[in-house]
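1. Have a look; sequence and predicted model below, questions after that.
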Amino acid sequence: MNFEIEKYNQYNLPEGRRYSTCPLCSEHRKKSKEKCMMLDWKTGLGTCQHCDEVIQLHTYKNKRTDSESNRLKHKRSTKKIEKAISFISPKTVKDSMQCYDINNFVTFLNRLFSHETTLTLIERYCIGTSKKWPGATVFWLKDLENRARTGKVMLYNPTTGKRVKEERKSYFTWVHSALNLTNFNYKQCLFGEHLLKSHKNKPIALVESEKTAIIASAYLPKFTWLATSGMQNFSAEKCKVLKGKTIVLYPDLNAVEDWTIKAAEIEKSINVKFLVSDLLQKHASEEEITKGLDLADFLVRHKWQEETEPISEEQKRLSALTAKNPNLSLLIKKLDLVIID
């Protein structure tokens, strides 16, 4: 038989003896020391003359080969139930959509664009304000169903638009971590993914950072701009929502080769076509290439919008005012005010 002893003499009875007390009933009887159990060590069975129970002296387990054991382990592992994806509550997202006068990133946007454009970008990409650090921004990662998977909290310099970085302190965290949400099953999606349903007829462009996607959408509005939230997140899993589409990639100047290789790998996994743009390579200087500028750096530095969509002097003056007081943008929108030349 294909069994082996797992535990020998499981009741610790006197080995080799023919008689013993019954481990099932003796301790409950007055004559607890009476030898009422007949032991047969050859068959591994014991029979009690008092309670008539037949016990198995040893325990056994099914004996399997190594290959059988490995196969069973693999079978069990493939049956694991995938945990449901967690989401941030709509109220939490809504509560963050305010206090733009103390939001450093929004202050920077107001330096670049008109108040109308800045408000459009805030609403389009659901840019929030965080209390984590003074001036911090939340980039909400909403999926195709407009559900917030989480939010990326970062701190920017309001003048340069660069991330604030210190050697001993990181100004970056996730909303679910900042809120200490327990048992939160976070599954990341592309930043801007929620726009795909409402922008069905527009070509799609993909960049690395949220900041770049937001700024590029103002300078080059013919695209729906998405971001991977880091090169490590440019994967087939994240790109499943792009299945059947052609996507234009705008990698940073120092990451063109890496993005090209990764794009080819993803194309083999899912039905998607990537085209790597050479816009930066065509127009960037040697110095800019060496510094590894991204698309947002390039567009801001060269004021690309002024070449494609001229801004009037009145709009420039208004942008300067709203940069100093972002609440002015909200007032203009609520009162539906317009610029008069």
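-> The structure has been received and is ready for your questions.

2. check contacts around the most centrally placed residue in the chain.
-> Nearest to the mean C-alpha position of the chain, by C-alpha atoms, centre = their mean, lies Gln188 at 2.3 Å. Residues in contact with Gln188 (C-beta atoms under 8 Å, 6 or more residues apart in numbering) are 141, 149-150, 229, 233, 238. Every residue, glycine included, has its C-beta placed from N, CA and C.

3. Was I right to think Asn271 contacts Lys243?
-> Yes. Taking contacts as C-beta atoms under 8 Å, Asn271 lies within contact range of Lys243: 5.4 Å.

4. What ranges does this protein have for its strands?
-> Secondary structure of the chain, counting by DSSP state E: strands at 3-7, 19-20, 37-40, 45-48, 54-56, 59-62, 127-129, 137-142, 148-154, 172-174, 204-207, 224-227, 246-249, 273-276.

5. Leu293 is nearest to which of those?
-> Proximity to Leu293, assessed across the strands of the chain by C-beta to C-beta, is greatest for strand 204-207 (12.3 Å).

6. Asn183: neighbour count?
-> 6 (other C-beta atoms under 10 Å).

7. repeat for the one 3 residues further on
-> Using other C-beta under 10 Å, Tyr186 has 16 neighbouring residues.

8. Check His50 too.
-> 15.

9. Relative to Thr47, how far out is the closest residue to it other than its chain neighbours?
-> Once flanking residues are discounted, His50 sits nearest to Cys36: 4.2 Å by C-beta to C-beta, 6 or more residues apart in numbering. Here the criterion is C-beta to C-beta, to the nearest Å. By it, Cys36 lies 9 Å from Thr47.

10. try Ser177
-> Relative to Thr47, and taking C-beta to C-beta, Ser177 is found at 64 Å.

11. thinking again about what came up before, could you pull up the residues touching the residue nearest to His50?
-> 19, 21-22, 25-26, 48-51.

12. Pull out the buried residues from these.
-> Listed as buried from those are 21-22, 25-26, 48; burial here means 16 or more other C-beta atoms under 10 Å.

13. which one in the residues you listed is the model shakiest on?
-> Within those, Ser26 has the lowest pLDDT, namely 78.

14. Now it: closest residue in space that isn't a chain neighbour?
-> Ser26 sits nearest to Ser32 (C-beta to C-beta, 6+ apart), 5.0 Å away.

15. And that neighbour, how close does it get to Gly292?
-> Using C-beta to C-beta, which is the criterion applied here, Ser32 is 85 Å from Gly292.

16. Give me the more crowded residue out of these two.
-> Neighbours per residue (other C-beta under 10 Å) separate Ser32 from Gly292, with Gly292 holding more: 14 against 11.

17. What's the local residue count around the nearest residue to that one once chain neighbours are set aside?
-> Once flanking residues are discounted, Gly292 sits nearest to Asn254: 3.2 Å by C-beta to C-beta, 6+ apart. Neighbour count for Asn254, taken as other C-beta under 10 Å: 13.

18. again with the one 5 residues further on
-> Residue crowding around Trp259 was assessed by other C-beta under 10 Å; the count is 21.

19. so what's it up against?
-> By C-beta under 8 Å, 6+ apart, Trp259 lies in contact with 231, 234, 249, 251, 276.

20. I'd say the second one and Ile261 touch.
-> To tie it back to what came earlier, the one meant is Phe234. No. Counting by C-beta under 8 Å, Phe234 stays clear of Ile261, with 10.5 Å between them.

21. Who has more neighbours out of these two?
-> Between Phe234 and Ile261, counted using other C-beta under 10 Å, Phe234 has the larger neighbour count: 24 against 9.

22. what about the more buried one, distance to Tyr186?
-> Shown here: Phe234 relative to Tyr186, a distance of 18 Å by C-beta to C-beta.

23. rewinding a little: what subset of the contacts of Trp259 is buried?
-> By neighbour count, with 16+ other C-beta under 10 Å, the contacts of Trp259 hold 234, 249, 251 as buried.

24. Could you find the closest non-adjacent residue to the second one?
-> In space, and not counting its chain neighbours, Leu249 is closest to Val276: 4.9 Å by C-beta to C-beta, 6+ apart.

25. and what of the last one?
-> The spatially closest residue to Pro251, leaving aside those adjacent along the chain, is Trp259, at 3.8 Å (C-beta to C-beta, 6+ apart).

26. List the buried residues of stretch 117-134.
-> For stretch 117-134, using 16+ other C-beta under 10 Å, the buried residues are 117-122, 124-130, 132.
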